[in-house]
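Peer 1: Give me a 3D structure for the following:
(one chain, ligands or ions: 1)
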Amino acid sequence: MSDQKTYPVNPQIAAGAHIDSAAYQRLYQQSITEPEAFWAEQATEFLDWHQPWQQVLQYDYPKGEIQWFLGGKLNVTVNCLDRHLEKRGDQVAIIWEGDDPAHDRKLTYRELHAQVCQFANVLKANGVQKGDRVCIYLPMIAEAAVVILACARIGAVHSIVFGGFSADALRDRVIDADCRVLICADESYRGGKIVHSKLNVDKAANQCPNVNTVIVIKHTGHDIPWTEGRDVCYHEAMQTASTDCEPVMMDAEDPLFILYTSGSTGQPKGVLHTTGGYLLYAAMTHKYVFDYQEGDVYWCTADIGWITGHSYVLYGPLCNGATSLMFEGVPTYPHPDRFWQVIDKHQVNIFYTAPTAIRALMAQGDDFVTRTKRSSLRILGSVGEPINPEAWEWYYQVVGNKRCPLVDTWWQTETGGILITPLPGATPLKPGSATLPFFGVKPAILDPDGNILEGEAEGILALTYPWPGQARTVYGDHARFIDTYFAKFPGYYFAGDGARRDKDGYYWITGRIDDVLNVCGHRLGTAEIESALVLHDLVAEAAVVGFPHPIKGQGIYAYVTLNVGIEGNSSLKGELKDLVREEISAIALPDLIQWAPGLPKTRSGKIMRRILRKIAANEFHDLGDTSTLADPSVVEQLIANRLKLP
Ligand code: WT7
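Peer 2: Predicted coordinates for the structure are as follows:
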């Protein structure tokens, strides 16, 4: 491990930064010794409250109860829009960059505010009220910001479903949250190709009896099927809508949104975030982790369908009055220099992306980078999976010209915002390490029995104290919330990741320790993929594991047992991939499918995934303890027929 390699804090950055090393030490100490006083101070500094809170925090982890700023009232859009109008009404809030480099658009705070109010009125006219769930299935277009914030304006709870998910996945999420209104685009562009969003929506909505309204935003403008009485044209509705809409004041603990994420069981969880604590945490981490300064152009490449898009494309930056860039396209279209071209075009100062994108671009060679200037860049960020030191160095040296601190930010959908990260002006960097906890965050490394390990240690990552951005429940299933995060190690929040702490107290995230995969920074449950595979009539059983993949981080390796007497062939593999594409998304497609006459099981019938992971990763010489295997010959057969990794 490269524990030893350390890049000291860049003194120029530290001189102008919000937080230098001394400030980090002092504030971190305060944040953990007097957390309630600390968070009360931050909540006053970062947010405008309509009514102050009576109590900062009340929590009971074993019951999965977490409440922040009890009794406080506020509206998210007042904080993200209205309060900026006086000082920066004409400042650009959203820079939209299309898939096609010739397409771009800018929305000022004043324009965004007016459109958000208009669309909030459209929602109301379509019967949406405070507390109702609204499903948003949109590509990265500027209108996405409008409709998301419009929900928050009137207290409707948005549930954004990533535009790359299939109709079936969309349907399941719409039904789980009982959304009555669905918002989509006609189509979208991705790397020069067309994505048929409305067709997916029709397919899903036809299976959702409670969906009575589909609001369609025209993006490509091509002809699409239309269901009279259900479908509403966004643009027509906006034309007649007033730009005045009183914000609905929400309780700090009223829900703001639901966002589905994969867990170790088949059914995705609707992670619920609330209003006050979430917004505070998103805004504060945005300001300090990226050292956001007045006037900076900030670009987070994440899609709004993921938590990173929620917290760091929209809520955090807009709450801070920043200019946030939204990108519809992909890093390699029209050429693998697109990111760097966009940085030069819009003079981006802060750039936040995922390791998988960095690895993919690194593989294209340095020329695509070095032929651009990138002189506007000041801070680089990484999120989504562990960044390997090689990719880290390339990002830091070639993209950032060794001038820009690189913040490797560890967090999750459930944490709402960044928990472990360097601060640009405060933290010496070690390539591959997410470094140190953010203010108020108390990580611990546990052994399998739940004992806290001190000093240098490796084990299970847990958080021993709440923070305001933490998820409050799993929508409609609080027992699952408790069970997943609080039951295994009572008194702590269990993140599902492993981690190592080095001699300097730096954290190194080692990856998921449950049956969750991280493919291109996307979280996928092995159980979901297995459920899709076994839908095929000829499949008896399937087991899915991850394997190390040079670009995707993890690849997907599927072992499939066919019904007795059935021979596997390549067309059957194609059918299985189609099933996964239909049930979940193309992002969940197995890279490799091995026909498995049998799966390694314990005598009680449990699949021994540890063994399957080792075979997939080509580490079959050391399978560990195999004494509980019911039939050892199964393993030999799988090893003999294993597939070559990409
Ligand atoms: C899982 C959460 C956080 C927003 C994007 C993903 C992995 C995330 C890092 C990082 C190592 C990371 C973890 C985590 N992860 N960031 N900087 N270093 N691992 O959100 O879909 O909820 O996935 O992503 O395994 O548990 P998510």
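Peer 1: check which helix or strand covers residue 9.
Peer 2: Using DSSP states H and E, residue 9 sits in no helix or strand.
Peer 1: State the distance from the nearest residue to it once chain neighbours are set aside to the ligand.
Peer 2: Nearest non-adjacent residue to residue 9, counting by Cβ to Cβ, 6 or more residues apart in numbering: residue 428, 5.7 Å away. For every residue, glycine as well, the C-beta is placed using N, CA and C. Using Cβ to the nearest ligand atom, to the nearest Å, residue 428 is found at 17 Å from the ligand.
Peer 1: now residue 56
Peer 2: Using Cβ to the nearest ligand atom, we find residue 56 at a distance of 25 Å from the ligand.
Peer 1: All the helices of the stretch 51-200 of the chain, in order from the start?
Peer 2: 76-77, 83-88, 109-125, 142-154, 167-176, 197-205 (DSSP state H, counting those that start in this stretch).
Peer 1: of all those, which lies closest to residue 135?
Peer 2: Between residue 135 and the helices of the stretch 51-200 of the chain, the tightest spacing by Cβ to Cβ is seen for helix 167-176, at 5.0 Å.
Peer 1: Which elements pack onto that closest one?
Peer 2: strand 133-137, helix 197-205, helix 570-583 (3 or more Cβ pairs under 8 Å, 6 or more residues apart in numbering; DSSP states H and E).
Peer 1: Could you pull up the residues touching the residue nearest to residue 9?
Peer 2: 6, 7, 8, 9 (Cβ atoms under 8 Å, 6 or more residues apart in numbering).
Peer 1: Near the third one, how many other residues are there?
Peer 2: What that stands for is residue 8. For residue 8, the count of nearby residues is 9 (other Cβ atoms under 10 Å).
Peer 1: picking that back up, want to throw the helices of the stretch 51-200 of the chain into TSV with mean neighbour count?
Peer 2: Below are the helices of the stretch 51-200 of the chain laid out as TSV (neighbours: other Cβ atoms under 10 Å):
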stretch	mean neighbour count
helix 76-77	27
helix 83-88	15
helix 109-125	22
helix 142-154	25
helix 167-176	21
helix 197-205	22
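Peer 1: Minimum distance to the ligand: which of those has it?
Peer 2: helix 167-176 (14.8 Å; Cβ to the nearest ligand atom).
Peer 1: residues making contact with that closest one?
Peer 2: With contacts defined as Cβ under 8 Å, 6+ apart, helix 167-176 is touched by 135, 137, 159, 161, 165, 182, 199-201, 203-205, 207-208, 210-211, 260, 267-268, 270, 475-476, 582-585.
Peer 1: how does it look with 6 Å?
Peer 2: By Cβ atoms under 6 Å, 6 or more residues apart in numbering, the list of residues contacting helix 167-176 from outside reads 135, 137, 161, 200, 203-204, 207-208, 260, 270, 582-584.
Peer 1: Stretch 578-586 and the ligand in contact?
Peer 2: No: interface with the ligand: stretch 578-586 contributes nothing (Cβ under 6 Å from any ligand atom), its closest point being 13.4 Å away.
Peer 1: Show residues contacting that stretch.
Peer 2: 164, 165, 166, 168, 169, 528, 532, 535, 536, 588, 589.
Peer 1: and of those residues, the nearest to residue 317?
Peer 2: residue 164 (23.0 Å).
Peer 1: Please report the number of neighbouring residues for the closest one.
Peer 2: Using other Cβ under 10 Å, residue 164 is surrounded by 17 other residues.
Peer 1: so where's this protein shaky on pLDDT?
Peer 2: Within the chain, the segments meeting pLDDT under 70 span 1-3.
Peer 1: near the ligand, which residues of it?
Peer 2: 261, 306-308, 383-386, 408-413, 434, 495-497, 509, 511-512, 518, 523.
Peer 1: Cross these against strands and list the overlap.
Peer 2: Taking DSSP state E, the ones among these that sit in strands are 261, 383, 408, 409, 495, 496, 497, 509, 511, 512, 518, 523.
Peer 1: which residues does the closest residue to residue 629 other than its chain neighbours contact?
Peer 2: Nearest non-adjacent residue to residue 629, counting by Cβ to Cβ, 6+ apart: residue 600, 5.8 Å away. With contact taken as Cβ under 6 Å, 6+ apart, residue 600 is in contact with 608, 611, 629, 634, 635.
Peer 1: Kindly recompute the last result at 8 Å.
Peer 2: Contacts of residue 600 by Cβ under 8 Å, 6+ apart are 607, 608, 611, 612, 629, 631, 634, 635, 638.
Peer 1: before we move on, back to that, just the buried ones from the contacts of residue 428?
Peer 2: 7, 9 (16 or more other Cβ atoms under 10 Å).
Peer 1: so which of the contacts of residue 428 would you say is closest to the ligand?
Peer 2: Distances from the ligand to the contacts of residue 428, taken by Cβ to the nearest ligand atom, are shortest for residue 7, at 16.9 Å.
Peer 1: For the closest one, name its beta-bridge partners.
Peer 2: residue 429 (DSSP bridges).
Peer 1: Skip the chain neighbours and tell me the closest residue to residue 107.
Peer 2: residue 94 (4.4 Å).
Peer 1: what's the answer for residue 551, then?
Peer 2: residue 359 (4.8 Å).
Peer 1: returning to what we had before: hmm, the residue nearest to residue 107 is touching residue 145, no?
Peer 2: Yes: shown here, residue 94 and residue 145 form a contact pair, counting by Cβ atoms under 8 Å, at 5.4 Å.
Peer 1: Overlap in contacts, these two.
Peer 2: 107, 112, 326.
Peer 1: what secondary structure does the last one sit in?
Peer 2: Per DSSP: H, G, I helix; E, B strand; the rest coil, the local secondary structure of residue 326 is strand.
Peer 1: still on that earlier bit, which of the contacts of stretch 578-586 are buried?
Peer 2: Buried among the contacts of stretch 578-586 by 16+ other Cβ under 10 Å: 164, 165, 166, 168, 169, 528, 532, 536, 588, 589.
Peer 1: related to what we said a few turns ago, secondary structure element for the residue nearest to residue 551?
Peer 2: helix 355-362.
Peer 1: cool, residue 294 as well?
Peer 2: Using DSSP H and E, no helix or strand contains residue 294.
Peer 1: That one: what's it in contact with?
Peer 2: Taking Cβ under 8 Å, 6+ apart, one finds residue 321 in contact with residue 294.
Peer 1: and it, how far is that from the ligand?
Peer 2: 26 Å.
Peer 1: From residue 91, how far off is that residue?
Peer 2: 10 Å (Cβ to Cβ, to the nearest Å).
Peer 1: For these two, list the residues in contact with both.
Peer 2: residue 321.
Peer 1: so residue 145 touches residue 107, yeah?
Peer 2: Yes: between residue 145 and residue 107 there is a contact at 7.5 Å, judged by Cβ under 8 Å.
Peer 1: hey, what's in contact with both of these two?
Peer 2: 93, 94.
Peer 1: Restricting to C-alpha, output stretch 429-439 in CSV.
Peer 2: In CSV, the C-alpha atoms belonging to stretch 429-439 read as follows (Å, rounded to 0.1, in the frame of the first residue of the first chain):
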residue,chain,number,x,y,z
LEU,A,429,-3.4,13.9,0.4
LYS,A,430,-2.6,10.2,0.0
PRO,A,431,-3.5,8.7,-3.4
GLY,A,432,-6.2,6.2,-2.8
SER,A,433,-7.3,7.3,0.6
ALA,A,434,-10.5,9.2,1.4
THR,A,435,-8.4,10.6,4.3
LEU,A,436,-10.3,12.1,7.3
PRO,A,437,-13.8,12.6,8.6
PHE,A,438,-15.8,15.7,7.8
PHE,A,439,-17.0,17.9,10.7
